[in-house]
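Participant: I'd like to go over a predicted model; first the sequence, then the structure.
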Amino acid sequence: MVQIAILGYGTVGSGVVEVLNTNKNSIAKKTGEEIQIKYVLDLRDFPGDPIQEKIVHDFNMILNDPEVAIVAEVMGGVEPAYTFTKKALMAGKSVCTSNKELVARHGAELLQTAKENNVNYLFEASCGGGIPIIRPLNSSLTGDQIDEITGILNGTTNYILSKMIQEGSEFDDVLKEAQEKGYAERNPEADVKGYDACRKIAILSSLAFGKQVNFEDVYTEGISKISLADIQYAKAMNCSIKLLASSRREGEDVYAMVCPVLVDKEDPLFSVNGVFNAIFVHGNMLGDAMFYGSGAGKLPTASAVVGDIVDEAKNRGRNVMASWGEERLALADVKTSKSMFFVRVCKTAETDLEKTEAIFGRVKPVVLEELPGEFGFVTEEMTEAEFEERKEKFGSVISRIRVRRAE
Ligand code: HSE
């Protein structure tokens, strides 16, 4: 029997308990032994819930119990999760987590601590909810040099954008729904402003490129500026708008960025709707692969945590995570990153097509009946710096959205 402790009985913690109870027999069969929850750490009590008999309020009870071999850290946030995780690893206990904030900030260090103590720090649930992506990057794809990872990595924003596009719903109403369904962060700013996707792409990039990608270095724009008018243009152009988190290698440079992007109907990311996530990976030998599935929510996330617990139970005494070194990867300056841009401008005598093309190059204007005072167009490919320069010169740009390059 393997004894485990769960830190946090919130959305994911209660999901881990539910997954372990629901699939108890099949999990025991796959593990080769029974997984038993010995403790659940939470500040609160849960009278009437069968979990109450396992609730403890003092982490030291878990730390000092040699029978606890695996700790599931599903409390979220950096502290006290960091201190608990570090202590657990140093005490010879493996830690499985969904805590993307902690993995993004201290992943390299905690992996090293795990290695030194011959245990594991596993974080499949930190990116893409229930989608297996960490394990493939850590094992199946290690024969490749990864050139690009582009993902829809935040379920809440994808849910919001999908509903705005499909139903013409207002941003605030859909955000409320996402919160009620347990997709959103406690502070949904992290979703809406792109910080959550930024942490996830930093984790995936660190694994893919083997060096520490600091999430603070990743250029990040959220979806709060996307309006229903932008959505109307996207629909008219047979496109969708997605919050994409992307990192790509170009020669010696690595670019990383999170921003809303116009995605064409032919693109495999176009049909990824609702709370689903998808991660597109390009490897120099593999070519393209896409990982798709439930990206947020209690049970998909808990399923990934339990997968790690089972993996650890089967691999005890063996450090399985590939290197994610502590050396910092200096990302290339985003100003030199190239893209095409969808631009909306006010229709005035001065902004005629001639002036537009003189500044932005050859364009095909998109005019919507319902927005008579303006028009839109897609530019040729140019660097961010070039675009800013031309935008400045043009004067009256209403908004701009990057356009995903069709390969
Ligand atoms: N708030 C996150 C999301 C939860 O919406 O994707 C899963 O990490």
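Facilitator: Now that the structure is in, tell me what you want to look at.
Participant: Check which helices and strands the helix or strand encompassing Ala114 is in contact with.
Facilitator: For Ala114, the element it lies in under DSSP states H and E is helix 100-116. Packing partners of helix 100-116 (3 or more C-beta pairs under 8 Å, 6 or more residues apart in numbering; DSSP states H and E): helix 81-90, strand 94-97, strand 121-122, helix 195-209. Quick note: C-beta positions are derived from backbone N, CA and C, even for glycine.
Participant: same thing but 6 Å
Facilitator: Contact here means 3 or more C-beta pairs under 6 Å, 6 or more residues apart in numbering; DSSP states H and E; on that basis helix 100-116 packs against helix 81-90, strand 121-122, helix 195-209.
Participant: Show residues contacting the first one.
Facilitator: Okay, so that is helix 81-90. The contact list for helix 81-90, computed with C-beta atoms under 6 Å, 6 or more residues apart in numbering, reads 7, 59, 63, 71, 73, 75, 95, 99, 102, 106, 110, 113-114, 117, 119.
Participant: if we look at the ligand, which of these are close to it?
Facilitator: For the ligand, no contacts are drawn from those by C-beta under 6 Å from any ligand atom.
Participant: In the stretch 251-400 of the chain, which residue sits nearest the ligand?
Facilitator: Closest contact between the stretch 251-400 of the chain and the ligand, by C-beta to the nearest ligand atom, is at Ala296 (3.6 Å).
Participant: Specify the local secondary structure of that residue.
Facilitator: coil (DSSP: H, G, I helix; E, B strand; the rest coil).
Participant: so Lys235 sits in a helix?
Facilitator: Yes: assessed with three-state DSSP, Lys235 lies in a helix.
Participant: can you list the weak-confidence ranges in the stretch 301-407 of the chain?
Facilitator: Within the stretch 301-407 of the chain, the set of residues satisfying pLDDT under 70 comprises 349-351, 406-407.
Participant: The ligand contacts on that one?
Facilitator: Proximity of the stretch 301-407 of the chain to the ligand, by C-beta under 6 Å from any ligand atom, involves no residues.
Participant: now the helices for the stretch 301-407 of the chain?
Facilitator: 353-360, 384-394 (DSSP state H, counting those that start in this stretch).
Participant: Pipe these into TSV and attach mean neighbour count and distance to Asp196 per row.
Facilitator: As requested, the helices of the stretch 301-407 of the chain are exported to TSV (neighbours: other C-beta atoms under 10 Å; distance: least, C-beta to C-beta, whole Å):
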stretch	mean neighbour count	distance to Asp196
helix 353-360	15	33
helix 384-394	15	23
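Participant: Compare those and give me the one nearest Lys200.
Facilitator: Closest to Lys200 of the helices of the stretch 301-407 of the chain, according to C-beta to C-beta: helix 384-394, at 22.2 Å.
Participant: just the angle between the closest one and helix 353-360, please?
Facilitator: 150 degrees (axes from the mean of the first three to the mean of the last three C-alpha atoms, to 10 degrees).
Participant: got the contact list for the helix holding Ala114?
Facilitator: Outside helix 100-116, the residues touching it (C-beta under 6 Å, 6+ apart) are 78, 81-82, 85, 89, 120-121, 123, 126, 199-200, 202-203, 212, 215, 319, 321, 324, 326.
Participant: Equivalent analysis for stretch 334-342, please.
Facilitator: By C-beta under 6 Å, 6+ apart, the residues outside stretch 334-342 that reach it are 219, 255, 262, 378-379, 381, 383-385, 387, 400-403.
Participant: Buried ones only from those residues, please, as a PyMOL command.
Facilitator: To isolate the buried ones among the contacts of stretch 334-342 in PyMOL, judged by 16 or more other C-beta atoms under 10 Å, type:
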select buried, resi 219+255+262+378+379+384+387+400+401+402+403
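Participant: so can I have a markdown table of the contacts of stretch 334-342 showing distance to Asp147?
Facilitator: Below are those laid out as a markdown table (distance: C-beta to C-beta, whole Å):
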| residue | distance to Asp147 |
| --- | --- |
| Tyr219 | 19 |
| Tyr255 | 11 |
| Leu262 | 22 |
| Val378 | 25 |
| Thr379 | 25 |
| Glu381 | 18 |
| Thr383 | 19 |
| Glu384 | 20 |
| Ala385 | 23 |
| Phe387 | 24 |
| Arg400 | 26 |
| Ile401 | 24 |
| Arg402 | 19 |
| Val403 | 20 |
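Participant: returning to what we had before: who's in contact with the residue of the stretch 251-400 of the chain closest to the ligand?
Facilitator: Here Ala296 is in contact with 129, 155, 183, 275 (C-beta under 6 Å, 6+ apart).
Participant: Same question for Val281.
Facilitator: Val281 neighbours (C-beta under 6 Å, 6+ apart): 149, 289.
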